Every structure is written in C-alpha cells, then in structure tokens.
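[1] no sequence for this one, just the structure:
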C-alpha cells in the first residue's frame with residue numbers, strides 16, 4: 001500500500017466521525033436531559049501583546065538588523081500580537097478551533113494572519129484525531145500558548161524548526177492520546193504534515209513529514225516529564241529528519257515559592273536554508289545543512305496575592321543555537337533575563353520587563369546575524 005493511500009485513509013477515518021458527530025450535535029437535547037450543557041457551545045478568546053523596544057547595539061535596529069550606513073530605528077512601540085479566537089464544541093467529543101492574529105496585517109499578511117484552523121474528535125483518553133492547521137506536538141513550546149510562556153517569546157530553535165515544517169502552525173493531521181504504563185503516565189502524538197508552513201494553497205511537493213512525540217511522567221510529586229521527539233520526511237525528493245529531547249519539572253519550594261525548569265534540545269535538517277540557496281552556492285548533499293540548539297529556562301515564581309497583583313516571576317532563558325553548524329557554523333547565544341508581574345488569574349494581565357542579549361561568533365554586517373542588546377517592556381491582556 002502506497003504512502004499516499006495511508007494518508008488518504010487517515011483523513012477518511014478523521015472526517016467521517018467528525019461529520020457524523022456534527023449531525024447529532026445539531027439535534028436538540030431532550031427537555032429532561034440530565035446534562036446542563038447545550039451544543040454547540042462557543043468560547044471566545046483574545047490576546048493583546050504591546051511592547052516598547054530599545055536596541056543598545058551599535059547601528060542595530062529594533063528588529064535585530066545591522067545597518068552600516070543610514071539612520072537606524074533603535075526605539076519603537078510595537079504590537080506583537082492581537083489575537084482573536086473561537087473554540088466551538090459541537091458535542092462532547094467534537095470541537096472546531098479558529099485563531100487569527102490581526103497584528104500580522106501591519107506587514108505583508110501573505111502566509112500569515114490565520115493561525116489555528118482545525119477540527120478535533122476525541123474518542124476517549126487513548127485516542128483523539130485532529131485535522132487542519134494546528135501546532136503539531138514536537139517539543140515543549142508547541143504545547144504551551146505564547147501568552148503563558150515564561151519568557152517574552154518562543155525560542156530561536158522553535159521558529160527555525162517552524163520554517164522547516166516541524167513546529168509552529170502546520171497543515172496536516174494528527175493522532176494523540178494518553179495511557180498509564182504501570183505507574184508511569186504516558187502520552188503520545190503522531191502527525192502527518194505538508195511541512196511547508198501555514199496558509200498554503202497546497203503542498204509544494206508530494207513529500208510529507210511524519211512527526212512523533214512521546215512523553216513519560218517520571219515524577220508526579222515534582223511534575224517531572226521526559227519528552228522524546230522524532231521526525232522523518234521528504235522535501236523535493238530529499239530525505240529530511242528532526243530529533244529532540246526535553247525535560248520539564250515543577251518544584252514547590254514553599255507555600256508561596258515555586259520553581260520550574262525547561263530544558264530542550266533539537267537537531268535536524270535545515271531544508272529551508274538548503275533550497276533557498278542557489279544550486280551553485282551549496283553542496284550536493286542536503287545532510288550538509290543541519291541546525292541544532294539547546295536552551296535552559298529556569299523560572300522562580302512568588303505568590304504575592306496582594307490586591308490586584310497575583311504573582312512575581314523571575315526567569316532567564318539561555319539558548320545556544322546554530323542554523324548551519326556543519327557547513328558554515330555561526331553559533332548564536334541568547335540570554336533573556338526577565339521579570340514579570342501577573343495581575344488576575346492565569347496571566348489575565350501581565351507586565352514583563354527585561355533584555356534579549358544576542359552574541360554571535362561571527363558578526364555579519366548589514367544582516368540580522370549581528371550581536372545586539374535589546375531592552376523590552378511588554379504589556380499583555382488575555383481573555
């Protein structure tokens with residue numbers, strides 16, 4: 001049986017129960033039904049992230065680009081995200097999720113704006129099927145919304161692996177679930193992806209990318225989880241891969257102090273870089289172009305609970321990343337110290353202040369591969 005037939009069968013298995021369940025969801029519940037939930041059930045969500053940026057690098061603008069001549073914008077206000085989302089429960093098992101980022105209209109919106117657009121059917125805790133445009137499970141950051149992460153933004157490796165079809169918003173289908181292996185909680189996710197980014201009219205070749213994530217709960221007391229990630233695929237008849245391992249932990253030090261830590265390592269083919277280079281400017285082997293990175297993100301949280309102030313958090317992410325370490329290495333080290341004030345529950349309101357400090361082994365003039373110190377103040381509201 002061909003790989004394409006496998007993919008077609010996967011979609012059929014997803015779509016059929018989705019439509020069957022949608023029909024039953026539109027049937028009015030009996031008047032004497034014990035359930036108080038009526039379907040469809042709608043939940044609206046929103047997020048605003050507004051920032052002030054100031055670059056302290058020599059001739060480096062607020063976007064991290066070096067300019068050897070001309071004026072440089074080194075301070076600016078910015079709207080990072082203005083998200084509007086809708087989660088619709090068609091039944092207890094079926095949901096449809098839509099998420100757009102209106103801030104993407106400030107630049108060329110092609111290939112942007114629409115973020116989540118998927119349907120999910122949950123049979124039970126062991127199996128759920130997802131299809132559409134979503135964030136496939138391939139690491140820690142893919143499972144955490146950007147508005148509750150412990151830093152200003154996702155890591156450098158997250159965005160680079162997103163350009164290569166493994167993370168961020170991708171079009172495809174996924175099966176996920178959880179089970180207990182004895183006393184060890186275990187969850188999994190298997191995804192089949194186009195691998196060419198979000199909001200694309202169609203796949204840019206017949207190759208697909210297959211990604212898997214396995215998570216083992218090593219300790220319930222301190223919430224220590226071990227994640228293993230692996231992926232293979234084809235891009236323009238070239239074989240590509242990605243692997244990763246991550247650890248998360250959460251320690252309660254006292255009634256008011258908690259400490260959590262994230263460690264994540266990834267390595268994979270940088271096919272995005274390979275195919276953007278002219279044929280005469282690259283080697284014949286795609287495996288010569290690989291990226292790898294690791295980051296540590298410790299976070300200390302103090303529960304204040306004084307009037308409107310809920311908590312105070314201190315974090316400092318350290319990341320080491322190279323997008324082409326085999327052929328043309330240029331290691332990028334990024335330090336992101338940050339202090340965060342939380343207002344309300346679950347980061348309803350948040351004020352963050354700190355730095356993004358980038359250090360390259362080799363500074364390349366008139367590019368974004370240039371060392372910089374960026375100061376940020378970020379204001380966040382979510383619902």
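    The structure has been received and is ready for your questions. Since the model is a prediction, treat every value here as computed from it, not as a measurement.

[2] partners of the lengthiest strand in the chain in the sheet?
    Identified as the longest strand of the chain according to DSSP state E is strand 290-306. Sheet partners assigned to strand 290-306 using DSSP bridges are listed as strand 257-269 (antiparallel), strand 309-322 (antiparallel).

[3] does residue 374 touch residue 338 like I think?
    No. Residue 374 is beyond contact range of residue 338, at 11.9 Å (criterion: C-beta atoms under 8 Å). (C-beta placed from N, C-alpha, C; glycine too.)

[4] what touches both of these two?
    Jointly contacting residue 374 and residue 338 under the rule C-beta atoms under 8 Å, 6 or more residues apart in numbering are residue 355.

[5] list the buried residues for the longest strand of the chain?
    290, 291, 292, 293, 294, 295, 297, 298, 299, 301 (16 or more other C-beta atoms under 10 Å).

[6] the third one - nearest residue in space that isn't next to it in sequence?
    In this structure, residue 292 finds its nearest non-sequential neighbour in residue 267, 3.8 Å apart by C-beta to C-beta, 6 or more residues apart in numbering.

[7] confidence score at the one you found?
    Residue 267 carries a pLDDT value of 98.

[8] hmm, back to that, in CSV: the strands paired with strand 290-306, plus distance to residue 192 and mean neighbour count.
    Shown next, in CSV, are the strands paired with strand 290-306 (distance: least, C-beta to C-beta, whole Å; neighbours: other C-beta atoms under 10 Å):
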stretch, distance to residue 192, mean neighbour count
strand 257-269, 17, 19
strand 309-322, 27, 19
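
[9] to residue 87, which of these lies closest?
    Set against residue 87 and scored by C-beta to C-beta, the strands paired with strand 290-306 come closest in strand 309-322, at 24.3 Å.

[10] quick check: mean pLDDT across that closest one?
    97.

[11] ok, residues contacting it?
    So strand 309-322 is contacted by 150-151, 155-157, 160, 291-305, 329-345 (C-beta under 8 Å, 6+ apart).

[12] let's see 7 Å
    Contacts with strand 309-322, where a contact means C-beta atoms under 7 Å, 6 or more residues apart in numbering, come from 150-151, 155-157, 291-304, 329-345.

[13] so how far is the helix or strand following it off the chain centroid?
    Sequence-wise, the next helix or strand downstream of strand 309-322 (DSSP states H and E) is strand 332-343. On the basis of C-alpha atoms, centre = their mean, to the nearest Å, strand 332-343 is displaced by 17 Å from the centre of the chain it belongs to.

[14] buried set for the helix or strand following strand 332-343?
    For strand 332-343, the following helix or strand on the C-terminal side (DSSP H and E) is strand 349-360. Within strand 349-360, the residues that qualify as buried are 349, 350, 352, 353, 354, 355, 356, 357, 358, 360, counting by 16+ other C-beta under 10 Å.

[15] reformat those residues as JSON lines; add distance to residue 71 and pLDDT.
    Output for those, formatted as JSON lines (distance: C-beta to C-beta, whole Å; pLDDT from 0 to 100):
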{"residue": "349", "distance to residue 71": "36", "pLDDT": "95"}
{"residue": "350", "distance to residue 71": "33", "pLDDT": "96"}
{"residue": "352", "distance to residue 71": "29", "pLDDT": "97"}
{"residue": "353", "distance to residue 71": "27", "pLDDT": "98"}
{"residue": "354", "distance to residue 71": "27", "pLDDT": "97"}
{"residue": "355", "distance to residue 71": "23", "pLDDT": "97"}
{"residue": "356", "distance to residue 71": "22", "pLDDT": "98"}
{"residue": "357", "distance to residue 71": "24", "pLDDT": "97"}
{"residue": "358", "distance to residue 71": "21", "pLDDT": "97"}
{"residue": "360", "distance to residue 71": "23", "pLDDT": "97"}
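
[16] closest one of the residues you listed to residue 128?
    Closest to residue 128, out of all of the buried residues of strand 349-360 and judged by C-beta to C-beta, is residue 350, at 30.2 Å.
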